[in-house]
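Visitor: next one to model:
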Amino acid sequence: MSAGYRCGVAAQTHDRPQLSELTTLRVGGPALDIVNCDDAESLIETIGRLDAAGTAVLLVGGGSNLVIGDDGFDGTVVRINNTGLDWRSDHVVADAGVNWDALVAESVARGFGGLECLSGIPGAAGATPVQNVGAYGVEVGSLLRSVQVLDRRNGALNWIDPGDLDLGYRTSRLKHRSDELVVRLSLRLRDDGLSEPIRYGELARALGIEDGERAPVAQVRETVLALRASKGMVLDPDDHDTWSVGSFFTNPIVPHEYLPKVLTQIVQELGDEATTVPQFPAESGVKLSAGWLIERAGFARGYPDADARARLSTKHTLALTNRGQATCADVIDLARAVREGVHRKFGLWLEPEPILVGCSL
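Guide: Below you'll find the model as predicted:
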């Protein structure tokens, strides 16, 4: 284990490490201490030691799905930096701290298919099964072979089948709990250099292929990165539209029995424009587009104005962005305004996708 900052409880707040430096949104107050764990063994040992001592622990990987309050975290932050990779003929085993997009890029460079539609997503590999990360028609859950999890209640280290993770739309049994920690994951790969079947219309059109066709993985990765960049969804330190957690809200899933009532309210509010509301089949109902609802509720790209410290991305209304000097309070105020505005207009509550630490909506 390589130690990080060692500030101690007597350190003054301004001398303590700022968590804003560890997140892509770049907000968050101080921590008492930060420990960097550069391999799986040190990660397991460190968590066991801190848990035995009763120390409050915040686990941080890539920091791309965290919103941390301005008061920070009154405990020890453990940075998950284990980066081991084991490539096989039909799968890869990745440590939780591996940079996700670097993993995708290497899989493409090696001629493997499977991960290419998930290009450009920031963060660490270990977070992907927790969130069941997905984009352009592919979810990590469809590629998982197994996930190695540390049970912090008893110290057991087990490989878990994806069927036991309760995977759903941007969720799993691992989300919103800290007693199980992803240490490694195994992902299925194709060895023919071709992508997963393309089932996302925008991507298929950009590739010039039909729905369900496959394409060379390098071409798919390049196209996905271009599409994401056009929406401010590829990290760029010089572009404040990317100082975000990506999509702040998940797309609402409306149960079938409530859909007529919801659509009636949308029609009452929008008239003929409501006939264009994007709808997608979901396991437990119909998925509506959060971005579409946000815009039709009166929140345009760049809301509220160019002088705001936190505002909607100028490229994509689902991203709440830090324009350089925003606090967590600024971001949460903006999130509340958007969420409550959508509810007033359409009767739907949008749910935040990121993990909120020391703050709430």
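Visitor: lowest confidence element among the helices and strands of this structure?
Guide: strand 2-6 (a mean of 32; mean pLDDT, DSSP states H and E).
Visitor: now the helix or strand that that one is followed by - C-alpha only, PDB.
Guide: Reading on from strand 2-6 to the C-terminus, the next helix or strand found by DSSP states H and E is strand 31-37. Taking C-alpha atoms only, strand 31-37 is exported to PDB below (Å, rounded to 0.1, in the frame of the first residue of the first chain):
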ATOM      1  CA  ALA A  31     -11.300  14.700   4.000                       C
ATOM      2  CA  LEU A  32      -9.500  13.800   7.200                       C
ATOM      3  CA  ASP A  33      -7.200  11.500   5.300                       C
ATOM      4  CA  ILE A  34      -6.700   9.900   1.900                       C
ATOM      5  CA  VAL A  35      -5.100   6.500   1.400                       C
ATOM      6  CA  ASN A  36      -4.100   5.200  -2.100                       C
ATOM      7  CA  CYS A  37      -4.300   1.400  -2.600                       C
END
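Visitor: if you count contacts, what does strand 31-37 end up packed against?
Guide: strand 2-6, helix 40-52, strand 73-80 (3 or more C-beta pairs under 8 Å, 6 or more residues apart in numbering; DSSP states H and E). Quick note: C-beta positions are derived from backbone N, CA and C, even for glycine.
Visitor: isn't R221 right up against L103?
Guide: No: using C-beta atoms under 8 Å, R221 makes no contact with L103, being 12.0 Å away.
Visitor: how about A52, what does it touch?
Guide: If a contact means C-beta atoms under 8 Å, 6 or more residues apart in numbering, then A52 has no contacts.
Visitor: hmm, try it at 10 Å
Guide: By C-beta atoms under 10 Å, 6 or more residues apart in numbering, the contact set of A52 is G155.
Visitor: where do the strands sit along the stretch 251-361 of the chain?
Guide: Secondary structure of the stretch 251-361 of the chain, counting by DSSP state E, counting those that start in this stretch: strands at 253-254, 279-282, 285-288, 310-312, 320-322, 355-357.
Visitor: phi, psi for the residue nearest the centre of the chain please.
Guide: Nearest residue to the geometric centre of the chain (C-alpha atoms, centre = their mean): N65, 4.6 Å. Here is the backbone geometry of N65 (degrees, to the nearest 10): phi -130, psi 30.
Visitor: any chance of the strands of the stretch 251-361 of the chain in TSV, plus distance to G61?
Guide: Below are the strands of the stretch 251-361 of the chain laid out as TSV (distance: least, C-beta to C-beta, whole Å):
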stretch	distance to G61
strand 253-254	26
strand 279-282	27
strand 285-288	27
strand 310-312	23
strand 320-322	19
strand 355-357	11
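Visitor: and these: which comes nearest W243?
Guide: strand 320-322 (4.2 Å; C-beta to C-beta).
Visitor: partners of that closest one, with directions?
Guide: The strands beside strand 320-322 in its sheet (DSSP bridges) come out as strand 310-312 (antiparallel).
Visitor: which residues sit against the partner strand?
Guide: 25, 27, 240-241, 243-244, 248, 291, 294-295, 299-305, 318-323, 325-335, 338.
Visitor: what do you get if the cut-off is 8 Å, keeping everything else the same?
Guide: Taking C-beta under 8 Å, 6+ apart as the rule, strand 310-312 contacts 294, 299-305, 319-323, 326, 330-331, 333-334, 338.
Visitor: in stretch 347-355, what counts as buried?
Guide: Residues of stretch 347-355 classed as buried by neighbour count (16 or more other C-beta atoms under 10 Å): L348, L350, E351, P352, E353, P354, I355.
Visitor: could you do stretch 67-75 as well?
Guide: For stretch 67-75, using 16+ other C-beta under 10 Å, the buried residues are V67, I68, G69, D70, G72, F73.
Visitor: swap in stretch 298-316?
Guide: Neighbour-count burial for stretch 298-316 [16+ other C-beta under 10 Å]: 299, 301-303, 308-316.
Visitor: also stretch 142-149?
Guide: L143, L144, R145, S146, V147, Q148, V149.
Visitor: output those residues as TSV; include the columns pLDDT.
Guide: TSV is the format used below for these (pLDDT from 0 to 100):
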residue	pLDDT
L143	98
L144	98
R145	98
S146	98
V147	98
Q148	98
V149	98
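Visitor: out of those, which is nearest to S230?
Guide: L143 (25.0 Å).
Visitor: so the closest one makes contact with G114?
Guide: Yes: contact criterion C-beta under 8 Å: L143 and G114 qualify, at 5.5 Å.
Visitor: overlap in contacts, these two.
Guide: In contact with both L143 and G114: L187, R188, using C-beta under 8 Å, 6+ apart.
Visitor: if we can go back for a sec, closest one to K287 out of the buried residues of stretch 142-149, please.
Guide: Closest to K287, out of all of the buried residues of stretch 142-149 and judged by C-beta to C-beta, is L143, at 20.6 Å.
Visitor: ok, that closest one - contacts?
Guide: Counting by C-beta under 8 Å, 6+ apart, L143 has contacts G114, L115, L187, R188.
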